[in-house]
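>>> Could you work out the structure for the sequence below:
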Amino acid sequence: MTSLADIIFQEGHEFAKQKQFDEAESKYKQALAYKDDHSPTLLAYGLLLQNQRKDFQATETLWRGAAENQLKNAAHVQMVCNLAVLLEKCNNDFEAAERYYRIALESNPAHANTLVNYGTFLATRRNDFERAEVMLRKAIKADPTRKQINNCGYLL
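Numbers count the residues shown, from 1 in each chain. Here you go, the predicted model:
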């Protein structure tokens, strides 16, 4: 059954695809007013804040709040992975980044995007090539056609 939050999110998503970001943001806020834990909206709104507004602090705040809730679905797992990447690359907060990579993998151990990002993190930030290889091999097993995995072949 489609909820009102789903409908409003879809409207916002259409605006975002048309690069009408002010309208998209307005719809995302409306959707969250109806359902404050609506995972697709939280993910999309965070990406809009991060990529279009360059408001990394607002993105982090939004995703941290959502990540503290129980991970319910794939959109939530992806959001937690995105938060880890944000913390790693924008904030250089490696301890928090690793914590969120682990949270995402606890919820979905076969989430290929998290496995790739965490494996790359382990190799480039921790110089832990052994664990990095384990993560990347799991990512290949989870989704062997994923382009992002092929780009990490140099680590294996």
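>>> Just give me the neighbour total for Y101.
Neighbourhood size, Y101 [other Cβ atoms under 10 Å]: 25. Every C-beta, even on glycine, is put in place using the N, C-alpha and C of the backbone.
>>> What strand or helix carries it?
Element membership of Y101, judged by DSSP states H and E, is helix 94-107.
>>> counting contacts, what elements does that helix pack onto?
helix 74-89, helix 112-124 (3 or more Cβ pairs under 8 Å, 6 or more residues apart in numbering; DSSP states H and E).
>>> now those in a markdown table, with distance to T145, mean neighbour count and mean pLDDT?
As requested, the helices and strands packed on helix 94-107 are exported to a markdown table (distance: least, Cβ to Cβ, whole Å; neighbours: other Cβ atoms under 10 Å; pLDDT from 0 to 100):
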| stretch | distance to T145 | mean neighbour count | mean pLDDT |
| --- | --- | --- | --- |
| helix 74-89 | 17 | 22 | 90 |
| helix 112-124 | 10 | 23 | 95 |
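>>> ok, now how distant is I103 from N51?
Per Cβ to Cβ, to the nearest Å, I103 is found 23 Å from N51.
>>> can you list the weak-confidence ranges in the chain?
69-73, 147-156 (pLDDT under 70).
>>> One more pass at 90, please.
1-2, 36-40, 63-79, 107, 140, 143-156 (pLDDT under 90).
>>> circling back: any idea of the angle the helix holding Y101 forms with helix 74-89?
In terms of direction (axes from the mean of the first three to the mean of the last three Cα atoms, to 10 degrees), helix 94-107 departs from helix 74-89 by 160 degrees.
>>> give the contact list for the closest residue to L83 other than its chain neighbours.
Sequence neighbours aside, W63 is the residue nearest to L83 in space, at 4.0 Å (criterion: Cβ to Cβ, 6 or more residues apart in numbering). Taking Cβ atoms under 8 Å, 6 or more residues apart in numbering as the contact definition, W63 lies against 42, 46, 79-80, 82-83, 86.
>>> any chance of those in JSON lines, with distance to A24 too?
Output for the contacts of W63, formatted as JSON lines (distance: Cβ to Cβ, whole Å):
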{"residue": "L42", "distance to A24": "14"}
{"residue": "G46", "distance to A24": "12"}
{"residue": "M79", "distance to A24": "17"}
{"residue": "V80", "distance to A24": "22"}
{"residue": "N82", "distance to A24": "17"}
{"residue": "L83", "distance to A24": "20"}
{"residue": "L86", "distance to A24": "19"}
